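In: need a structure here:
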Amino acid sequence: MHRWDAADYAKNSSQQALWARELIERIPWRGDAHVLDVGCGDGKITVELAQRVPEGRVMGIDVSAEMVRFATERFPAAQYPNVAFRQMDAVQIDLPERFDIVFSNAALHWVRDHRAFLLGAASVMKPGARMFTSCGGRGNAEAVRQTMLDVIARPRWREFFKDERDQTYWFFDHADYEPWLAEAGLTPLRVELVPKDMIHFGAHGLAGWFRTTWLPHTQRVPEAQREEFVSEVVGEYIRRYPIDEKGNVHVQMVRLEVEARKR
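Out: Below is the predicted model:
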């Protein structure tokens, strides 16, 4: 399993945080709700969720020990008494608590078995509880992916990827999700692929995002050559999709947004 640099991710995840806040605004909040944040990452969004439920509680879970450690140290229980973090795989949710809201942003495209996630999430939801998730959907970041594959095929980098066979990200759509929701006892309220324009300031901004979120590929390259690989992918992408007049780089993303209720 690849290792996350939680501090680097925290510095280069502004777009993910922006989309999380858009999702938060869709939720009908009740101040005493209990919330499960699946794939909590560095914890900053978990804390924002906790601010919406001052009489409630938020549990953030993440499979990455590095992320959970970073979140726990950055947001200690003494200062954030209604927030807790725990290392847990999204496909193996097992908690004694029952939740009014299950939330997940920019995490589930790392999960191969969404059916298992939905079954586990439903098992800890109260009757009538709501689910709000957003993750990469079918077609997400295809231009970046294709650019990276073309760079990987070059002689300079080919040897580091010759045994790469496994799919890295898991992008689904409504046709996949509807039967999984039904099996989990969840009524779909909205299952939609939503196009998004991800904006980074210049090559440096794009490199920060690529370095921190395409780890299964970048970490195949020896550390001494990793920045060179990132720079080559970024440079090739900007050659194909030039920086705009404001100095921004655009990446066309697709989010799978799901809202459901437990029957």
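
In: Going by C-alpha atoms from here, please, whenever you check contacts or count neighbours.
Out: Noted.

In: how long is stretch 59-79 from one end to the other?
Out: With CA to CA, to the nearest Å as the measure, stretch 59-79 spans 15 Å from end to end.

In: contacting residues around that stretch?
Out: 3-7, 35-44, 46-47, 83-90 (CA atoms under 8 Å, 6 or more residues apart in numbering).

In: Next: stretch 45-55.
Out: Outside of stretch 45-55, the residues within contact range by CA under 8 Å, 6+ apart are 17, 20-21, 24, 29-35, 37, 40, 56-60, 75, 80, 82-83.

In: one step back: turn the buried ones among the contacts of stretch 59-79 into a named PyMOL selection, would you?
Out: The buried subset of those, as determined by 16 or more other CA atoms under 10 Å, is captured in PyMOL by this line:
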select buried, resi 4+5+6+35+36+37+38+39+40+41+42+43+46+47+83+84+85+86+87+88+89+90
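
In: From L108, how far out is A50?
Out: 21 Å.

In: about what we covered before: filter the contacts of stretch 45-55 down to the buried ones and hand me the PyMOL line.
Out: The buried residues among those can be selected in PyMOL (16+ other CA under 10 Å) with this line:
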select buried, resi 17+20+24+33+34+35+37+40+56+57+58+59+60+75+82+83
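
In: Can you list which of the contacts of stretch 45-55 are found in strands?
Out: Counting by DSSP state E, the part of the contacts of stretch 45-55 found in strands is H34, V35, D37, R57, V58, M59, G60, V83.

In: Can you name the residues that contact the third one?
Out: To tie it back to what came earlier, the one meant is D37. If you count contacts by CA under 8 Å, 6+ apart, D37 has them with T46, V58, M59, G60, I61, V102, F103, S104.

In: gap between it and F210?
Out: Distance, D37 to F210, using CA to CA: 24 Å.

In: same thing with the first one?
Out: Using CA to CA, one obtains 34 Å as the distance from H34 to F210.

In: ok, now the last one?
Out: Going from V83 to F210 by CA to CA gives 30 Å.

In: Now do the same contact list for G56.
Out: The contact partners of G56, by CA under 8 Å, 6+ apart, come to G31, D32, A33, H34, V35, A50, N82.

In: quick one: pLDDT of the residue located most distally from the centre of the chain?
Out: The outermost residue of the chain relative to its centre, with distances by CA atoms, centre = their mean, is P155 at 31.7 Å. For P155, the model assigns a pLDDT of 96.

In: ok, it to K162 distance?
Out: From P155 across to K162, the span is 11 Å (CA to CA).

In: How about R26?
Out: When R26 is compared with K162 (using CA to CA), they lie 44 Å apart.

In: quick one: the helices in the stretch 1-150 of the chain?
Out: 6-11, 14-24, 44-52, 65-74, 114-123, 142-152 (DSSP state H, counting those that start in this stretch).

In: and those helices as TSV, adding mean pLDDT and distance to E223?
Out: Listed next are the helices of the stretch 1-150 of the chain as TSV, based on pLDDT from 0 to 100; distance: least, CA to CA, whole Å:
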stretch	mean pLDDT	distance to E223
helix 6-11	56	15
helix 14-24	86	25
helix 44-52	97	28
helix 65-74	95	18
helix 114-123	98	32
helix 142-152	96	16
